Structures are given as structure tokens and as C-alpha cells.
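Visitor: dropping a prediction and its sequence here:
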Amino acid sequence: MSPNRLQALPSPHKKILMGAVLMIGAAILWPNQQEYLPTRIPVELDIENIIAQIAPSEQTETLVKQADFVKTIAKGDTLSGLFEQAGVDQQTMYRVLEADLNVLALDTLMPGNKMQFWLDDQGKLQQLELYFNAARQVVFSRYDDGEFKVDEINIEGIWRNRSVIGDIQGSFYLSAQRMGLNAGEIQRIESLLKEKLNFARDLRAGDKFSVLINDQFIDGAATGNSDILGVHIQRGRSSINAYQNSDGNFYDDQGRSLARAFQRIPLQKNYRISSRFNRHRHHPVTGRVSPHNGTDFATPIGTKIVAPGDGIVSLVTEHRFAGKYVVIDHDKKYRTRYLHLSKPLVHKGQRVSRGQVIALSGNTGRITGPHLHYEFHVNGRPVDPMKANIPMASQLTKAEMTDFKQLVKVRQMMMGQDV
């Protein structure tokens, strides 16, 4: 439009035209947000390598560094000998033993287990790893002041069911072994049904058995850990059975418990509790968390200690800090420990019954006065024995039986039984 024609326009039209021009100009000049948004291009990044380059830490270096000494435990090895082979002095070994008081893992090492030692440039122990299997390791790490902390690593993995069906030809042990059960699994079955069946006398050739087992796998490989879910033995027209309920305890198909109930306290009478279970107890000097994994009873030296339930003695030994102590396995799920004893009255492998005297209390190990330190473990983890939901009843309730019957029906089908 020429200047003359613009001048000839009425005043309102001039204003409208000028406003339109300004709006178009503003739209053209207005910044386009899309121009400022970077295009996202997918790039695969090695995050761990980047982090290591940006902020390498002592912990990262420790994990990357190969162990200075690796040893697979062999028969005849001693703890002091293993530390000596690794070049670690006895004083350091005692500090590791002190840290191990809450776990007592070093006392359970078996041939085939592995130990790995990491040392610093001065040859001082920085980290010790106990490798029991792919599902369980215990790691000791050094603090700046030379003391050690302990961490248990338990990996759940994947559990798969396995059904084993066979008949009796010879002894039950050999018959079950022939079908693929190992010694530990057979022992658990015999212990489970000991009140109902004499395996040496009551079984005949041709009697049938079926077992449902849960096996643990990590990264596709079996760890060797297994759990019995159900057992059925057919003797002529009669049968004996046991099924693990959701509470971890075993009952027959009528809901009757196969194990006698536990008693809450492993003593013949009540004694004052001098120190209670406390998973988050703080050390009064260092301020670090130092769990108290048991309950201490103020018992005079020589007080009789009884088994709170039926079980098998798995360990009788002496520890620099725990003193003389006894461990009892109650089937697979429950374990009890008794520390600072004056005298054990049982031996490893012995079967004990609820109420049986197993030891006399004392003041051995590192303690300030006579007492019994009592631990109750469920599935490998310590719990408060004064509060834990441990089996105290011999029969499932009517409400519990509904779910249990459904569970039994499923287990029976998996075990090849006619339902």
C-alpha cells in the first residue's frame, strides 16, 4: 500500500491496520520454544565407569581389588592357621572374633566353604569374606579405629518345587537316596515323623513314599538349600503324612501338629531378665549399632538349662568371647543358642526332647557376671524369644483349617496322590 493511499484512509481504519501489522510482526519475532529443546538421542552409557572416573572412592577400590589371600576350607584347617597363612596377626583375629560374637559364623565354617582376605598397603586386614554358598556370605569390614563390623548377606533366590516318588526296597534311607534325596533331607523327614513311625522297624518292601521339596536356585544354579513341603508314606492300607503350613510348622492332614509346642523360657523356673533382645542397641562408648541378639537371664553358676523344644544338637564348642556354648536345631526353621555356659551336658548330633537338661549356666567368655545368653532364630535370623510367634499350640483352629485343607489338596496333587 502506497503512503498516499494510507494517508487517505479514515482514522479508525488506520488504527486497525497498524494493530494488525504489529501483531503479525510480534508473531514472527516471538521465540519458538521448539528451537530451544534439544533433540534426545538415545546413547548407551556405562554409568558405573563414569561414576568411578568422577568420584572414585576407597570402597570402590576395595571392591575392584582382588583378594590378597583366598582359601577353600579343608579338613584339619584351624582358624589361627588360616589367619597366619593370610599374614594376619593374632590380635586382629581376636578383633574379628569379637565382631563375630553376634553371628558366630566363624565357628560354622565347613570343608568346602571359602575365605577371602583383603589387606591394605601396610598388610593390615581391611575386609574378610566368608563364602558359605551362593545364598549366604558373611563380611567383616574394618573401622578406622581397627575394630570390625559384621554383615550377613542372605540372598533369597528362586525356589522351585520338586516331587520325589518311590517305594521301599531295603531301608528307607537307601530307598530315598536312590530316588535323589540327600542325607540332610532324609534326616529331616525321619526327624519330622519320629513320633509316628519307626523307620527301622515299621516299613516293609513295597511300601510307598512321596515327598514334595522346594529347592533354592541363584542365577540358575542350585545352592543346595532345600525345604520339605510335604511327606506321605503309604503302609498297606494305612498312611502317615505331614505338610508344612503357611506358618512354617508341620501338621498332619487333620491339622494336628507333628512337633510338641515350645516353652518360652529354657529354664525350669523364672529368673530375672538382665538384658533384653535389642536389634538396634547402641554401644555406650563408640555409639555404633551393636545388636543384642538374645535375652540374658541372671542365673547363678550351675543353673540347669533345658531344651525349649525337641531338636538335634548341631554344635558344642568354646569361643573366646561367647565362652562355652551349645546350638540346637529344631527341624529346619528354628534354632536356639545358649552362651557363657559352665558345662554342656550334650554332644553334637544328639537328639534332645523338650524339657531335657542340656547344660549348666556359667560365666565363661567375655562377660561381667554369671548369666545365660539365650537366642532364638527363625529361618536363620534372631528374634525376641519373649515376643516371637513360636509354635505354642498342638492343633490348628477351625478358622486356620479352611486354608490348610486347600493347601494340603494342592500339595497332594503335586505329590501324585489321588485327591
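Guide: Everything's here; your move. Numbers count the residues shown, from 1 in each chain.

Visitor: contact partners for residue 82?
Guide: Contacts were defined as C-beta atoms under 8 Å, 6 or more residues apart in numbering; by that measure residue 82 touches 71, 73, 115. (Glycine included, C-beta is placed from N, CA and C.)

Visitor: so which strand or helix has the last one?
Guide: Element membership of residue 115 [criterion: DSSP states H and E] is strand 114-119.

Visitor: again, but for the first one
Guide: Secondary-structure element containing residue 71, defined by DSSP H and E: strand 69-72.

Visitor: now the element after that strand, going C-ward?
Guide: On the C-terminal side of strand 69-72, the nearest following helix or strand under DSSP H and E is helix 79-85.

Visitor: in that next one, which residues are buried?
Guide: 82-83 (16 or more other C-beta atoms under 10 Å).

Visitor: one more: stretch 201-217?
Guide: For stretch 201-217, by 16+ other C-beta under 10 Å, it's 203, 207-213, 215-216.

Visitor: domain ranges for the chain?
Guide: The record, using automatic domain parsing to delimit domains, assigns the chain the ranges 53-154, 158-259+397-414, 273-383.

Visitor: mean pLDDT and distance to residue 390 for the ones you listed - can I get that in CSV?
Guide: Compiled in CSV, the domains of the chain are given as follows (pLDDT from 0 to 100; distance: least, C-beta to C-beta, whole Å):
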stretch, mean pLDDT, distance to residue 390
domain 53-154, 90, 20
domain 158-259+397-414, 93, 9
domain 273-383, 92, 7
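
Visitor: show me what the residue lying closest to residue 355 once chain neighbours are set aside is bridged to.
Guide: Across the structure, with C-beta to C-beta, 6 or more residues apart in numbering as the measure, the residue nearest residue 355 apart from its sequence neighbours is residue 306 (5.3 Å). Taking DSSP bridges as the rule, residue 306 bridges to residue 357.

Visitor: please apply the same query to the one 5 residues further on.
Guide: Residue 311 has the following beta-bridge partners by DSSP bridges: residue 352.

Visitor: ok, the strand or helix carrying residue 342: who's next to it in the sheet?
Guide: With the criterion set as DSSP H and E, the secondary-structure element containing residue 342 is strand 334-344. The pairing partners recorded for strand 334-344 under DSSP bridges are strand 323-330 (antiparallel), strand 357-361 (antiparallel), strand 372-378 (antiparallel).

Visitor: which one, of the ones you listed, ends up nearest to residue 273?
Guide: Distances from residue 273 to each of the strands paired with strand 334-344 were compared using C-beta to C-beta; the shortest belongs to strand 372-378, at 9.9 Å.

Visitor: report the buried residues of the closest one.
Guide: Of the residues in strand 372-378, 372-377 count as buried by neighbour count, 16+ other C-beta under 10 Å.

Visitor: circling back: return the most buried member of the domains of the chain.
Guide: For these, ranked by mean neighbour count under the definition mean count of other C-beta atoms under 10 Å, the leader is domain 273-383 at a mean of 18.

Visitor: pull up the distance across it, start to finish.
Guide: 16 Å (C-alpha to C-alpha, to the nearest Å).

Visitor: longest strand of this protein?
Guide: Identified as the longest strand of the chain according to DSSP state E is strand 221-235.

Visitor: show me where the protein has helices.
Guide: With DSSP state H, the ranges of helices along the chain come out as 3-8, 11-29, 33-36, 47-54, 58-64, 79-85, 90-99, 172-178, 183-192, 398-414.

Visitor: quick check: closest non-adjacent residue to residue 108.
Guide: Counting by C-beta to C-beta, 6+ apart, residue 315 is the residue found nearest to residue 108 once chain neighbours are left out, at 7.2 Å.

Visitor: for the one you found, give its distance to residue 280.
Guide: According to C-beta to C-beta, to the nearest Å, residue 315 stands 27 Å off from residue 280.

Visitor: what's the answer for residue 90, then?
Guide: As it turns out, when the distance is counted by C-beta to C-beta, residue 90 lies 32 Å from residue 280.

Visitor: same deal with residue 357?
Guide: Here residue 357 is placed at a distance of 34 Å from residue 280 (C-beta to C-beta).

Visitor: repeat for residue 126
Guide: Counting by C-beta to C-beta, the gap between residue 126 and residue 280 amounts to 26 Å.

Visitor: quick check on the nearest residue to residue 74 once chain neighbours are set aside: phi, psi?
Guide: The spatial neighbour of residue 74 that comes closest, neighbours along the chain excluded (C-beta to C-beta, 6+ apart), is residue 111 at 5.7 Å. Its backbone dihedrals place residue 111 at phi -50, psi 130, with angles given as degrees, to the nearest 10.

Visitor: got the contact list for residue 111?
Guide: For residue 111, the set of contacting residues under the criterion of C-beta under 8 Å, 6+ apart consists of 73-75, 77.

Visitor: for these, give me JSON lines that also has distance to residue 154.
Guide: Listed next are the contacts of residue 111 as JSON lines, based on distance: C-beta to C-beta, whole Å:
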{"residue": "73", "distance to residue 154": "20"}
{"residue": "74", "distance to residue 154": "25"}
{"residue": "75", "distance to residue 154": "26"}
{"residue": "77", "distance to residue 154": "25"}
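
Visitor: now the two most distant members of those residues.
Guide: For the contacts of residue 111, the maximum inter-member distance is 8.3 Å, found between 73 and 75 (C-beta to C-beta).

Visitor: how far away from the center of its chain is stretch 254-261?
Guide: In this view, stretch 254-261 has its centroid 25 Å away from the chain centroid, taken as C-alpha atoms, centre = their mean, to the nearest Å.

Visitor: so residue 241 makes contact with residue 234?
Guide: No - with contacts defined as C-beta atoms under 8 Å, residue 241 does not count as touching residue 234, sitting 9.3 Å away.
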